[in-house]
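Asker: requesting a structural model of the entry that follows:
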Amino acid sequence: MKIVIYGANELAGIIAAKFFEDHDIIVIDDDASKREVFEKLDLEYVSGSGANINLLESIGIKDADIFIACSDNDEANIVACLTVTNMTKLKTVCVVSKKDNVESLSLVRGSKYQKELMIDYVLWPEELMTQEIFRIITVPNAIDVENFANGKARLLEYRIDEDTKFINKKVKDCNFPDETLIVGITRDSKLFIPNGETQLLLNDKVIFMGSSYSLDILAGKFSDDTGKVKQVTIIGGGNVGMMLAQNLEKANIKIKLIENDYKRCIELAENLKNTLVLNGDGANFELLEEERVGESDVVISVTNNDEKNLLCSLLAKQLGVPKVITRVYKNVNANLFEKVGIDVAISQNGAAIDDIENHLIKTDIEILATVERGQGEVLEISVPFNFKTEMIMNLKFPVNAIIAIIQRRNRVIIPRGTTQVMPNDSLIVFTTQENSEVIKEYFKRY
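Answerer: Model prediction:
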């Protein structure tokens, strides 16, 4: 696949690094000085505008498969995508940062105002990150949540701490609920697929997959309070802070939102019906104590500054908040934040990359989700019609992988070793990123 990227920022760098080994990448940017950032990757860097017709023709835009406009200028991205759409039939992706632009661009897809010039996919990283944070908030103690099979099956990730009932136990001795599988463990920042003899150690991050019902039962084993999250504090009232508050209001969760800008507080108060909006500095420890932030079930710091988010989050942990979620702008900071005690660090660029990989740069086998910053992948694989029915225990995968879910017509099956895989089944398979291609090839044999 030939991918053309307009904009040489951090998001472009992550996209290029993720895909350059398997795809032809061309990066376009007005600033020639940014070329050196991409020199270590096997790709082509072109200086100029992504909306320049002559430049686009010179790089063979008509032979490309996908055009991603992700510069820091929304308007430039929009013009570039519309230019490419007018020249070619390739898929266009427009990354935007302003809500107004998201709403305006939605008019080009399926509405009465639709015209011939269309942008195929509008990607707003802040919205993707907001959705991810909301999913994590609504499951006590979970640090990652994904839904599959129309909500009938899920993926939940938990961290093993001193109070976890399963600490130092072998997987085979944990007596997890039926229809629950451990598919992955991250230890010392490295993801691996466990077996029954694997011991669960302090600070392990454990990934479960199974039926939604069984994982609801499992959630109670990771928390003494099995009820829903009742009180949340949000630090930062930008787009993400306001969208989170709006979603949490619908879930009937009590919310405090702390924002330093007084004018923005007025706007927030006008748009949020059941949120207590506080004008102040989320890094002010006295304010946090005075407002009893320590009584929150979850604190989310989503200001526009990594250092500020880290400080606010560490103060919340000092106050005894059980779950702290932190926004990171620089992708490299995510692991660092978690190492110093933050429960969940989420990058909006990371959320954007997952969306691009999972929904846009597709193969015949779809990636439903990625976990642990791309180290693990959840694949959806259609079993060929000429596949010979076989029990899972007899399948000889060449690498470690786990069939976590089988969709058979209207049934969702959480399999055991004796469960049969049949032709035309749809399998949801968990494996590590380095083994993903091998598993794909395994099913292509038939």
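
Asker: for stretch 155-164, how far is the first residue from the last?
Answerer: Stretch 155-164 has an end-to-end distance of 19 Å (criterion: Cα to Cα, to the nearest Å).

Asker: the residue lying closest to Met422 once chain neighbours are set aside: how many residues sit nearby?
Answerer: On the basis of Cβ to Cβ, 6 or more residues apart in numbering, the spatially nearest residue to Met422 that is not a chain neighbour turns out to be Thr389, at 5.0 Å. Glycine gets a C-beta too; all of them are placed from N, C-alpha and C. Taking other Cβ atoms under 10 Å as the criterion, the count of residues near Thr389 is 10.

Asker: Met393 now?
Answerer: The burial count assigned to Met393 is 10, neighbours taken as other Cβ under 10 Å.

Asker: hmm, Gly417 and it touching each other?
Answerer: Yes. Applying Cβ atoms under 8 Å, one finds Met393 in contact with Gly417, separated by 3.6 Å.

Asker: so what's Ala153 up against?
Answerer: Counting by Cβ atoms under 8 Å, 6 or more residues apart in numbering, Ala153 touches Asn147, Met209, Gly210, Ser211, Ser212, Ala404, Ile405, Val412, Ile414, Ile428.

Asker: what subset of the residues you listed is buried?
Answerer: In those, burial by neighbour count holds for Met209, Gly210, Ser211, Ser212, Ala404, Ile405, Val412, Ile414, Ile428, counting by 16 or more other Cβ atoms under 10 Å.

Asker: against Asn424, how distant is the residue nearest to Met422?
Answerer: The spacing between Thr389 and Asn424, counted by Cβ to Cβ, to the nearest Å, is 11 Å.

Asker: kindly report the same for Leu257.
Answerer: In terms of Cβ to Cβ, Leu257 sits 49 Å off from Asn424.

Asker: who's more crowded, the two?
Answerer: The residue with the greater number of neighbours, taking Leu257 and Asn424 and applying other Cβ under 10 Å, is Leu257; the counts read 26 against 11.

Asker: okay, whichever strand or helix holds the more buried one in PDB with CA atoms only?
Answerer: Secondary-structure assignment from DSSP states H and E places Leu257 in strand 254-259. Extracted in PDB, the C-alpha atoms of strand 254-259 (Å, rounded to 0.1, in the frame of the first residue of the first chain):
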ATOM      1  CA  LYS A 254     -21.300  13.300  40.100                       C
ATOM      2  CA  ILE A 255     -18.700  15.600  38.500                       C
ATOM      3  CA  LYS A 256     -16.400  18.400  39.500                       C
ATOM      4  CA  LEU A 257     -14.500  20.200  36.800                       C
ATOM      5  CA  ILE A 258     -11.500  22.400  37.600                       C
ATOM      6  CA  GLU A 259     -10.500  25.000  35.000                       C
END
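
Asker: tell me how far it lies from the chain's centre.
Answerer: Here strand 254-259 shows a centroid-to-chain-centroid distance of 24 Å under the convention Cα atoms, centre = their mean, to the nearest Å.

Asker: and it, what does it pack onto?
Answerer: Of the remaining helices and strands, those touching strand 254-259 by 3 or more Cβ pairs under 8 Å, 6 or more residues apart in numbering; DSSP states H and E are strand 231-235, helix 239-250, helix 262-271, strand 275-279.

Asker: tell me the contacts of Ser97?
Answerer: When the contact criterion is Cβ under 8 Å, 6+ apart, the partners of Ser97 are Asp72, Asp74, Trp124, Pro125, Glu126.

Asker: and Lys221, by the same measure?
Answerer: The contact partners of Lys221, taken as Cβ under 8 Å, 6+ apart, are Lys165, Phe166.

Asker: give me the phi and psi for it.
Answerer: Its backbone dihedrals place Lys221 at phi -80, psi -10, with angles given as degrees, to the nearest 10.

Asker: run a quick neighbour tally on Gln348.
Answerer: 23.

Asker: and Asn178, how far is that from Ser214?
Answerer: Quick fix: residue 178 reads Asp, not Asn. Relative to Ser214, Asp178 is positioned 6 Å away (Cβ to Cβ).

Asker: look at these two and report which has more neighbours.
Answerer: Ser214 (20 against 11).

Asker: please point out which parts of the one helix or strand that one maps to sit buried.
Answerer: With secondary structure defined by DSSP H and E, Ser214 is part of helix 212-221. When burial is assessed from 16+ other Cβ under 10 Å, helix 212-221 yields the following buried residues: Ser212, Ser214, Leu215, Ile217, Leu218, Ala219, Lys221.

Asker: about what we covered before: tell me the two of the contacts of Ala153 that are most distant?
Answerer: Of all pairs drawn from those, the one with the longest distance (Cβ to Cβ) is Asn147 and Ile414, at 14.6 Å.

Asker: let me know the pLDDT of Glu116.
Answerer: Looking at Glu116, its pLDDT stands at 51.
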